[in-house]
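Undergrad: coords please:
(chains A and B)
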Amino acid sequence: MDSDLIVQILFAAIKTGTPLLFIALGELICEKSGVLNLGQEGMMLMGAVVGFLAAYGTGSAGLGVLAAMLMGCLMSLIFAALVLHLGANQVATGLALTIFGTGLSAFVGSGVVGQTIQGFQPIAIPLLSDIPFIGKILFTHDILVYSSFAITFALLYVVNKTRIGLTLKAVGENPHAANAIGIKVLRVRYLSVMFGGVMAGMAGAYMSLVYTPMWVENMTAGRGWIALALVVFASWRVGRIMLGAYLFGLASIMHLVLQGLGWSISPNLLAMLPYVATVIVMVIISADQFKEKLLAPRSLGKPFDPRQMA
Amino acid sequence: MKLKSLLVSLGLLAGASAIQAAEPLKVGFVYVGPVGDLGWSYEHDMGRKGLEEYFGDKVKTTYVENVPEGADAERVITQLAKAGNDLIFTTSFGFMNPTVKVAKRFPKVTFEHATGYKLSKNLGTYVLRTYEGRYISGVTAGMMTKTNTIGYIGSFPIPEVIRDINAAYMGAKSVNPDVKMKIVWANTWYDPGKETDAANALMDQGVDVMLQHTDSPAPLIAAEKRGLRAIGQASDQSKFAPNAHIFSVRDDWAPYYIKQVQAVMDGTWESKDFWGGFQDDMLTLASINPNLPKDVRAKIDATLASIKSGEFKPFTGPIKDNKGNVAVPANHSLTDVELAQVNWYVEGITDEIPR
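TA: Here you go, the predicted model:
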């Protein structure tokens, strides 16, 4: 393997990892507040189709992204209303949201199947993109990839270093205690779920505007589910989500590149790589009994009713 | 839409007892993907529409899309049979066993299963000679490549795909002795993202003309972005890549569906394993790009003509496999039964079939 090929592989790994990064960051915040949303796939598909429709209608990919974010947010509000307000079961509601989004997106998008648009063009950042090796891998992407970098670093700061991060943690770990000290638990959860929706919308927009600039039914092909695994893989840490997303991206790229180079490894085996990695991480984490307890937000998946005491 | 078609079939179920000879012939279709996939299921649905256009109100068609291969398929096929359909087409390899089971339970209903190999008294099979299109694709790719490296995005290593890889390579080799082929298995029939990755992985490794055995137009779009070339699969995919698109090998099921419906109407239907290709108008070269060089275009037309007339059959011996064994003896063309069992790579493919 020459160094050009390695650069191209790493470049592609980042591109492949980006939709996963968006959606997993959204789910992470959502889960940190104690809400498990399995509707990622549905929100992402709705984001993808609405983003495409908007970009197709207006000719502006930027408006497409905005529309996708709004749509993701709207979808998440449906979920939030059912789960937080009416206390519906989170797992069932999330699954319903995925099924709903999959069907609705196919219906809404049936008119633009087969249309193409001019998606985002890559922008090489001056100076930075001239750094040998790293420059080409990191700084010759499109604007959405750069936004994913920015969002990750912003979240790293917000979650770990600010009061907002502490509030989020309090709500996710012990909503009753948080409530007792005057935090509006439901409001925090609403906002977290909406953030998850916005990110899912962006992930969808990335799929339909950048990655494969077109709309076809079910084009996300299960990436929402991989993102759920990724959150566990990352043990609910922002930095590890980024690392994990790119590792997943790399694994799925390597599976294709190695075949092209004539390695006769079973493609089935290679396709398993991302999941094997998740299992291995789970095993390593679980081996440490004490650590395990600190990982998942303690109230994850449990409804919160302020009238009931813990 | 799935819900709608289910409701339609439930509605038919209610009225099933009222069926008389004067009623239109009821024809049911089961699709593995969405009709909007712009590939495999889309073309089957075009075939269904062709059927309606041809027979008008003499037929009544119903379809169920997005049917998973497995227990669900059996339920859907049973439902269609109970709803009074006289003829049911199940259009994916994985529907084979469910179709066989349901066919046994409904001996008065006629069943047709695409790409399978199990026949019974009221169950026939039909398959496309896609390898004919692949051969022409290979010839074209062999002439168009500047790097002498062409790429093939495979779905799953089943005989149909392996057969087509061989046909493509033999076609390329016939016009370009130095040509090499890189094969990548995407392990999916349909995942635009994955297909894009596969296309980019091939192009990163020097491939400049791509063939695909997966169903989305994503590889064409990837080729368009990089100024390289690719060939469309199953349906006309030219609009996705106006410059990169060479041609698409389009499946056309309508002639077969019309023929079989007519046979059922006339009472002349019999259980057969049918193979259709360019000769039967079930394969066509769609939207051949006007930007191809003249000699390439001439070669495409000549190859197509010799296949269409039946004068040339791609799998005619002597052909050796890539381990040096004789795969097809001289003066023999593989029969349909043999074609269905191809599990070797032809000499010159420096790769191994994944097991």
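Undergrad: Tell me where the model's unsure across the stretch 1-150 of chain A.
TA: Applying pLDDT under 70 to the stretch 1-150 of chain A flags the ranges A:1.
Undergrad: so what's B:Gly50 up against?
TA: B:Gly50 sits next to B:253-254, B:257-258 when contact means Cβ atoms under 8 Å, 6 or more residues apart in numbering or on different chains. Quick note: C-beta positions are derived from backbone N, CA and C, even for glycine.
Undergrad: Pull the distance from stretch B:35-43 to the chain's centre.
TA: 11 Å (Cα atoms, centre = their mean, to the nearest Å).
Undergrad: Any idea how far apart the tips of that stretch sit?
TA: End-to-end distance of stretch B:35-43 (Cα to Cα, to the nearest Å): 8 Å.
Undergrad: Residues contacting that stretch, please?
TA: Stretch B:35-43 is contacted from outside by A:106, A:109-110, A:113-114, A:216-217, B:1, B:31-34, B:45, B:63, B:65, B:91-92, B:189-190, B:215-217, B:233-235, B:237, B:250-253, using Cβ under 8 Å, 6+ apart.
Undergrad: circling back: got a winner among the contacts of B:Gly50 for most neighbours?
TA: B:Tyr257 (28 neighbours; other Cβ atoms under 10 Å in any protein chain shown).
Undergrad: what about it, distance to A:Val279?
TA: B:Tyr257 is 46 Å from A:Val279, where distance means Cβ to Cβ, to the nearest Å.
Undergrad: where along the stretch 1-150 of chain B do the strands fall?
TA: Here the stretch 1-150 of chain B has its strands, by DSSP state E, counting those that start in this stretch, at B:25-30, B:59-64, B:87-90, B:110-114, B:123-128, B:149-154.
Undergrad: picking up where we left off before, separate out the buried members of the contacts of stretch B:35-43.
TA: Taking 16 or more other Cβ atoms under 10 Å in any protein chain shown as the criterion, what is buried in those is A:106, A:109, A:113-114, A:216-217, B:1, B:31-34, B:45, B:63, B:65, B:91-92, B:189-190, B:215-217, B:233-235, B:237, B:250-253.
Undergrad: Cross those residues against helices and list the overlap.
TA: Using DSSP state H, A:106, A:109, B:45 are the members of the buried ones among the contacts of stretch B:35-43 that sit in helices.
Undergrad: Now the second one. Nearest residue, chain neighbours left out?
TA: Across the structure, with Cβ to Cβ, 6 or more residues apart in numbering or on different chains as the measure, the residue nearest A:Gly109 apart from its sequence neighbours is A:Val49 (4.1 Å).
Undergrad: count of residues packed around the residue in the stretch 251-355 of chain B that chain A sits nearest to?
TA: Nearest residue of the stretch 251-355 of chain B to chain A, counting by Cβ to the nearest Cβ: B:Glu352, 4.3 Å away. B:Glu352 is flanked by 14 other residues according to other Cβ under 10 Å.
Undergrad: Assign residue 242 to helix, strand or coil.
TA: As the question left the chain open, I've gone with chain A. helix (DSSP: H, G, I helix; E, B strand; the rest coil).
Undergrad: that's the other chain; I wanted chain B
TA: Strictly by three-state DSSP, B:Pro242 counts as coil.
Undergrad: In terms of helices and strands, where is the residue nearest to it when sequence neighbours are not counted?
TA: In space, not counting the residues next to it along the chain, B:Pro242 is nearest to B:Glu224; the distance is 7.5 Å by Cβ to Cβ, 6+ apart. For B:Glu224, the host element (DSSP states H and E) is helix B:218-225.
Undergrad: helices or strands up against that helix?
TA: With contacts defined as 3 or more Cβ pairs under 8 Å, 6 or more residues apart in numbering or on different chains; DSSP states H and E, the packing partners of helix B:218-225 are helix B:192-204, strand B:209-212, strand B:229-234.
Undergrad: which residues touch the nearest residue to B:Gly116 once chain neighbours are set aside?
TA: Excluding the flanking residues, the one nearest B:Gly116 by Cβ to Cβ, 6+ apart is B:Met96, at 3.9 Å. For B:Met96, the contact set (Cβ under 8 Å, 6+ apart) comprises B:113, B:116-118.
Undergrad: any idea how far B:Val30 is from B:Met96?
TA: Distance from B:Met96 to B:Val30, by Cβ to Cβ: 12 Å.
Undergrad: now do B:Glu338
TA: Relative to B:Val30, and taking Cβ to Cβ, B:Glu338 is found at 29 Å.
Undergrad: More neighbours: those two, which one.
TA: B:Val30 (26 against 13).
Undergrad: does the more buried one have beta-bridge partners, and which?
TA: B:Val30 has these beta-bridge partners by DSSP bridges: B:Val64, B:Thr90.
Undergrad: and it, what pLDDT?
TA: pLDDT for B:Val30: 96.
Undergrad: List, one by one, the residues from the stretch 51-200 of chain A near chain B.
TA: Contact residues (Cβ under 8 Å from any Cβ of the partner chain) of the stretch 51-200 of chain A with chain B: A:103, A:106-107, A:109-110, A:113-114, A:116.
Undergrad: between the strands of the stretch 1-150 of chain B, which one is nearest to A:Met272?
TA: Nearest to A:Met272, of all the strands of the stretch 1-150 of chain B, is strand B:149-154, at 17.6 Å by Cβ to Cβ.
Undergrad: Show me what the closest one is packed up against.
TA: helix B:130-144, helix B:159-175, strand B:180-185, helix B:192-204, strand B:209-212.
Undergrad: tell me the most buried of those?
TA: Sort these by mean neighbour count, taking mean count of other Cβ atoms under 10 Å in any protein chain shown, and strand B:209-212 sits at the top with a mean of 29.
Undergrad: what about that one, average pLDDT?
TA: On average, the pLDDT along strand B:209-212 is 97.
Undergrad: That one near chain A anywhere?
TA: No - shown here: strand B:209-212 not in contact with chain A (Cβ under 8 Å from any Cβ), separated by at least 11.4 Å.
Undergrad: who's in contact with that strand?
TA: Counting by Cβ under 8 Å, 6+ apart, B:134, B:137-138, B:140-141, B:144-145, B:150-153, B:168, B:195, B:199, B:202-203, B:219-220, B:223, B:228-233, B:246 sit against strand B:209-212.
Undergrad: switch the cut-off to 7 Å
TA: If you take Cβ atoms under 7 Å, 6 or more residues apart in numbering or on different chains as the criterion, strand B:209-212 is touched by B:134, B:137, B:141, B:144-145, B:150-153, B:168, B:199, B:202, B:219, B:223, B:229-231, B:233.
Undergrad: would you list every one of the strands in the stretch 51-200 of chain A?
TA: Going by DSSP E, counting those that start in this stretch, the stretch 51-200 of chain A shows no strands.
Undergrad: Show me the residue of it that gets nearest to chain B, please.
TA: A:Val113 (4.7 Å).
Undergrad: Give me the domain ranges for chain B.
TA: B:2-128, B:130-247+B:283-339 (automatic domain parsing).
Undergrad: Looking at those domains, spot the one closest to B:Met265.
TA: domain B:2-128 (5.8 Å).
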